[in-house]
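S.K.: here are the coordinates; sequence isn't available:
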Ligand code: GH3
Ligand code: MG
Ligand code: MG
Ligand code: MG
């Protein structure tokens, strides 16, 4: 499928929030009152390409944790003011909705201590003296699980495009980009036409397949900086940074035509389906996501009312 892609294709990513941490690198927080141990672990973790923050004081560590949201937590079992798992428990009370792998390191390596650590929320227990090579591999596995988790909560399982949560996260970045560049961005809502009929006629599995293909089609046809999200059953949003209504309207009109010509088959019966879209340009820094969606949705409603397979602003 080749589309005449009218507007400028830019590879450049919308830049991330200004932040002290490098979003490309995992961040590991190590808490231990033994400074030479901290230095040893910091050096070897950093040699592996990861970022490390260290702390000898568990109270300060909790604060640091909130500011920097590390990807893995490594806590010494025996800290001067409290036991490592007590600090863990405290942190845990505040972070239940986040997932962060927690590793206890300890000179005590008896079964009771290990069980206590796991009962208090540790995911792993590593005895001192630490075998560095094994330690690094174990941390790597934890970081991998963390990465998988972070991705999965932002991606829609069926269609593999972003979900509403990512849209919520990304909206502030879009506003920031607008603030920096002075170029507005466009929010569009797309909804398949008479999709219920596909389910009713060909079954939900076929309906699911159409959803997957629709999402894939959209992802392929937009620029790198444009993001596709599934926000409901057969409703998708696309955000277009540094763009305007006319460009997006033209693009979506082409996409509707292209997608409507696509033939699906169900047991040798060919069928096709169109979609409608509503678009809204965000050109005010104080517009909340909810308002942008509501406005785009009103335009979508208008597109449906006017006969479907069309775009309204
Ligand atoms: P319109 O053109 O007005 O949008 O009509 P429509 O039939 O597409 O709209 P309606 O909202 O009535 O129907 C949406 C349907 O989408 C109803 C629901 O069963 C179906 N649906 C929602 N989520 C899924 C899903 O994950 N898989 C499948 N197969 N169907 C879904
Ligand atoms: Mg200690
Ligand atoms: Mg629909
Ligand atoms: Mg719908």
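M.R.: Here it is on my side, so go on. Quantities reported herein were computed from a predicted structural model and do not represent experimental measurements. Residues are numbered from 1 along each chain as shown. Ligands and ions are numbered 1, 2, ... in the order given.
S.K.: Now residue 238. Its backbone dihedrals?
M.R.: The main-chain torsion angles of residue 238 are listed as degrees, to the nearest 10 and equal phi -120, psi 130.
S.K.: okay but it is in contact with residue 190, surely?
M.R.: Yes. Between residue 238 and residue 190 there is a contact under CB atoms under 8 Å: 6.8 Å. The C-beta positions use only the backbone N, C-alpha and C, and glycine is treated the same way.
S.K.: Residues in contact with both of the two, list them for me.
M.R.: Taking CB atoms under 8 Å, 6 or more residues apart in numbering as the contact criterion, the residues that touch both residue 238 and residue 190 are residue 218.
S.K.: Centroid-nearest residue for this structure?
M.R.: For the chain, the residue sitting closest to the mean C-alpha position, by CA atoms, centre = their mean, is residue 154 at 3.5 Å.
S.K.: Tell me how far the residue nearest to that one when sequence neighbours are not counted lies from residue 310.
M.R.: Nearest in space to residue 154, with sequence neighbours left out and distances taken as CB to CB, 6 or more residues apart in numbering, is residue 166 at 4.0 Å. Summarising the geometry, the distance separating residue 166 from residue 310, computed by CB to CB, to the nearest Å, is 28 Å.
S.K.: outside of stretch 29-42, which residues touch it?
M.R.: 45, 52-56, 58, 61, 64-65, 68, 70, 72-76, 78-80, 84, 87, 105, 128, 130, 132, 135.
S.K.: if we look at ligand 2, which of the residues you listed are close to it?
M.R.: Intersecting those with the contacts of ligand 2 gives 76, 78 (criterion: CB under 5 Å from the ion).
S.K.: Walking through the protein, point out its strands one by one.
M.R.: Secondary structure of the chain (DSSP state E): strands located at 27-31, 51-55, 72-76, 102-106, 124-127, 162-163, 185-192, 227-230, 235-240, 264-266, 269-271, 275-282, 311-312.
S.K.: Quick one: neighbours of residue 73, just the number.
M.R.: A total of 25 residues lie near residue 73 under the criterion other CB atoms under 10 Å.
S.K.: low pLDDT regions in the chain?
M.R.: In the predicted model of the chain, residues 1-21, 94-97 satisfy pLDDT under 70.
S.K.: before we move on, the earlier item: am I right that the residue nearest to residue 154 is in contact with residue 229?
M.R.: Yes. Applying CB under 8 Å as the test, residue 166 and residue 229 come out as touching, 6.3 Å apart.
S.K.: For residue 313, give its distance to ligand 3.
M.R.: From residue 313 across to ligand 3, the span is 19 Å (CB to the ion, to the nearest Å).
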